[in-house]
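1. model this:
(one chain, ligands or ions: 1)
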Amino acid sequence: MKLYNTLSKKVEEFKSLQEINSGSLVSRENPKQVNMYACGVTVYDYTHIGHLRKYVMDDILVRVLRHVGYDVKHIQNITDVGHLASDDDEGEDKMEKGARKYGQSAWEVAKKFEDYFFYSMDLMGVLRPTLSCRATEHIQSQLDMVLDLEKKGYTYVIDGDGVYFDTSKLETYGELSGHDPRKAHRETRIGEIEGKKNPSDFALWKFEKAGENRQMVWPSPWHPRSFPGWHIECSAMSIEHLGPELDIHTGGIDHVAVHHANEIAQSETFTGKKPFSRFWVHHNFLRVNGEKMSKSLGNFFTIDDILKKGFKPAALRLLFLSSHYRSEQNFTIQSLEASQSALHKLLQAYLEIKENHEDRSELENSDEAHQLSKQFFDAVENDLNTSEALTIVWKLLKSQLSNAQKYRLLLEFDRVLGLGLVSMDEDDLPKSDKVTLQIDDLPKDLQDLFRDRELARKNKDFAKSDEIRTKFEEAGYQLIDQAGSVLIKH
Ligand SMILES: [Zn+2]
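-> Residues are numbered from 1 along each chain as shown. Predicted coordinates for the structure are as follows:
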């Protein structure tokens, strides 16, 4: 199996540490462990489709590793404290901000959005990690790590602010990003923390400011009301659950320069082992309509927004799989519509094959079946080339293979793609009794409402346009927004 490694900036042959140490190659008959850590979400707001793409691609990685024969120990954290508004240890804690926004305690907000995260993941067919761990439940191991770094002489305290890691003491600091991160820090910094020795130094532990009255605080040797920094949680939890040398660490590309550089610095100093992780896998961004997702642009979608528009989570998953995880992907409603019709086509074909595949004598593995299987798994094992793998799925459907062979291969492929064909049936196909209407076909009151909605959409008043859509749904109509028009289904 090949995987791009941000550390070497190359596609490399992947082998797990256990595999290397045992001297025997992995196979499904000879499984080997992979220690994999994935940076999880900060649970201060709703999981959006940008997150969904990242975790769907993590899921593909896990499924491919399992197919190859690895026993994947997949640890994913929940950041429920210490992630400040800026990655540079400044600004408000996102959890406290979320608490104010939703009028609940920081603890309630953390629970609410952790639940929403897993609700979204389950709908997307993302397998649960081996262990999901909360930063607030690992305070002691984070504190122990900072105390160890202090004892080793890598830290200093800024009065009234926090304990900082002195990056000038580490020759190799920032090698992951392949450029001088100290310079990058200087270029991107908005404000300067008084007392920092170097711009790239980062907080390991923070102190409550006078009058701040934080909800999430713990006593520490430096301050009675303090809390861990964001970076230390990933180091502490990954080492506690996976040991000092990880096989794979994943995260978004926005984490390369700061968060992951800091994780490496503190972990390698703590364990004395290098590298902290042998492979670093980074996911690229999802844009929406060519822009960064934001609520003010009206292009911020949760899984519920997608469901409300009449789409299936599997259609969104199929859309994510059509692009490579290291490329930026541009999401549009039109691309999701195309993906949903492709999903329906695939499902239709699958159901027909399932109906007519009884002939067991056809099960023998033909050369063509073997070839297609090899092409599919070569693609996914080549740095997760999912779009190439999808072309093999279509090739399989068009092939001359018997239904029995097609059925067997489709299910085998879907164990990696995770579209969940096996649990779908006719009810997941579009209802043929739904017809497309023109505005004039609508009752008079709905015609007026439809025009109000057109106006709201023109004015980018998405709240109002969604509200009107709901009224249509209550009356038994479905509105599907397309470029320059709206389809009305009844
Ligand atoms: Zn992390």
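
2. please count neighbours and contacts with C-alpha atoms only from this point.
-> Will do.

3. any buried residues in the longest strand belonging to the chain, and which?
-> Determined from DSSP state E, the single longest strand within the chain is strand 70-78. By 16 or more other C-alpha atoms under 10 Å, the buried positions in strand 70-78 come out as Tyr70, Asp71, Val72, Lys73, His74, Ile75, Gln76, Asn77, Ile78.

4. out of those residues, who's nearest Val393?
-> Taking C-alpha to C-alpha as the measure, Val393 lies nearest Tyr70 of the buried residues of strand 70-78, at 24.0 Å.

5. picking up where we left off before, what are the pairing partners of the longest strand of the chain, and which direction each?
-> Partner strands and pairing direction for strand 70-78 (DSSP bridges) are strand 32-38 (parallel), strand 131-134 (parallel).

6. report all helices and strands that the helix or strand that comes right after it contacts.
-> Following strand 70-78 in sequence order, the next helix or strand is helix 94-102 (DSSP states H and E). Packed against helix 94-102 by the contact rule (3 or more C-alpha pairs under 8 Å, 6 or more residues apart in numbering; DSSP states H and E) you find helix 106-123.

7. residues of the protein that sit close to the ion?
-> Cys39, Cys234 (C-alpha under 5 Å from the ion).

8. the longest helix in the chain is where?
-> helix 333-355 (DSSP state H).

9. okay, buried residues for it please.
-> 333, 336-337, 339-340, 343-344, 346-348, 350-351, 353-354.

10. name the element Val56 belongs to?
-> With DSSP H and E as the test, Val56 turns up in helix 49-68.

11. and the angle from that helix to strand 32-38?
-> 170 degrees (axes from the mean of the first three to the mean of the last three C-alpha atoms, to 10 degrees).

12. so where's the stretch 51-200 of the chain shaky on pLDDT?
-> 87-88, 179-192 (pLDDT under 70).

13. put the alpha carbons of the helix or strand hosting Leu409 into PDB.
-> With elements taken from DSSP H and E, the one containing Leu409 is helix 403-417. What follows is helix 403-417, C-alpha atoms only, in PDB (Å, rounded to 0.1, in the frame of the first residue of the first chain):
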ATOM      1  CA  ASN A 403     -24.500 -11.300 -12.100                       C
ATOM      2  CA  ALA A 404     -23.100 -13.600  -9.400                       C
ATOM      3  CA  GLN A 405     -19.600 -12.300 -10.000                       C
ATOM      4  CA  LYS A 406     -20.800  -8.700 -10.300                       C
ATOM      5  CA  TYR A 407     -22.700  -9.000  -7.000                       C
ATOM      6  CA  ARG A 408     -19.800 -10.500  -5.200                       C
ATOM      7  CA  LEU A 409     -17.300  -7.800  -6.400                       C
ATOM      8  CA  LEU A 410     -19.700  -4.900  -5.900                       C
ATOM      9  CA  LEU A 411     -20.100  -5.900  -2.200                       C
ATOM     10  CA  GLU A 412     -16.400  -6.300  -1.800                       C
ATOM     11  CA  PHE A 413     -15.700  -2.900  -3.300                       C
ATOM     12  CA  ASP A 414     -18.400  -1.300  -1.200                       C
ATOM     13  CA  ARG A 415     -16.700  -2.500   2.000                       C
ATOM     14  CA  VAL A 416     -14.000   0.000   1.100                       C
ATOM     15  CA  LEU A 417     -16.200   2.700  -0.500                       C
END
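
14. let's verify the residue nearest to Glu368 when sequence neighbours are not counted: helix, strand, or coil?
-> Closest residue in space to Glu368, ignoring its immediate chain neighbours: Leu401 at 7.5 Å, by C-alpha to C-alpha, 6 or more residues apart in numbering. Following DSSP: H, G, I helix; E, B strand; the rest coil, the label given to Leu401 is coil.

15. hmm, Trp457 is touching Ser465, no?
-> No Trp there; residue 457 is Arg. Yes: counting by C-alpha atoms under 8 Å, Ser465 is a contact partner of Arg457 at 6.1 Å.

16. in terms of neighbours, single out the busier of these two.
-> Legend: neighbour count by other C-alpha atoms under 10 Å for Arg457 and Ser465, higher for Ser465 (20 against 15).

17. now do the same contact list for the residue in the chain positioned nearest to the ion.
-> Residue of the chain nearest the ion, by C-alpha to the ion: Cys39 (4.1 Å). By C-alpha atoms under 8 Å, 6 or more residues apart in numbering, the contact list for Cys39 reads Gln76, Asn77, Cys234, His249, Thr250, Gly251.
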